[in-house]
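*Asks:* Just need the structure, nothing else, for what follows:
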Amino acid sequence: MKKPYTTFLSLGGMFFILSMAYGLDILTDSLKQFAMSQFAVPFSWLLPTTILELLFVGFLLIWLGFVYNKDDDHLYSPLIFILVGLGLLFYNYVIIVSDMPLPILMNIIPKSLSSFASAFVAVVGFQRLVFRRTKSLS
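*Replies:* Got it, this is the predicted structure:
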């Protein structure tokens, strides 16, 4: 018997991971600005940021446990992962080319955690789509 909550947990986890990455990008920039202006040691922001990145990777591994659950073999989960991941990854390029006034997510730049998380979600979606389990006849 399939457990439908595993699909919802993997989709909800995807949004949690992406929002956590976006928040960590903003927090890293804030810590960097604060450390540069308040402390004599210019790189004092590196240790808290590194610890937060380790926490982020831990949440990524927990999310992968829900994504690769044997009860979650729906087709729409990987498609949502691909669409959301690629949509966020190429969001800035679409905004720049189309001159749309939507600067909400301008923090998603290459080499940021948001960019990495978006690309990671898209690749996990592609992998889940290509290597889907097929129903056995027995």
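*Asks:* Could you measure from Gln127 over to Pro78?
*Replies:* 8 Å (CB to CB, to the nearest Å). Bear in mind the C-beta positions are built from the backbone N, C-alpha and C, glycine included.
*Asks:* okay, those two: which has more neighbours?
*Replies:* Regarding Gln127 and Pro78, a neighbour count based on other CB atoms under 10 Å identifies Pro78 as having more, with 23 against 15.
*Asks:* any idea which helix or strand carries that one?
*Replies:* Taking DSSP states H and E as the criterion, Pro78 maps to helix 76-89.
*Asks:* between the following helix or strand past that helix and helix 76-89, how big is the angle?
*Replies:* Sequence-wise, the next helix or strand downstream of helix 76-89 (DSSP H and E) is helix 91-98. Relative orientation of helix 91-98 and helix 76-89, computed by axes from the mean of the first three to the mean of the last three CA atoms, to 10 degrees: 60 degrees.
*Asks:* element containing Leu60, please.
*Replies:* With the criterion set as DSSP H and E, the secondary-structure element containing Leu60 is helix 46-67.
*Asks:* Thr7 versus Pro78, what's the distance?
*Replies:* Remark: distance between Pro78 and Thr7 (CB to CB) = 11 Å.
*Asks:* try Asn92
*Replies:* As it turns out, when the distance is counted by CB to CB, Asn92 lies 30 Å from Thr7.
*Asks:* Return the set of buried residues in the helix holding Pro78.
*Replies:* Neighbour-count burial for helix 76-89, with 16 or more other CB atoms under 10 Å as criterion, is recorded at 77-78, 80-82, 84-86, 88-89.
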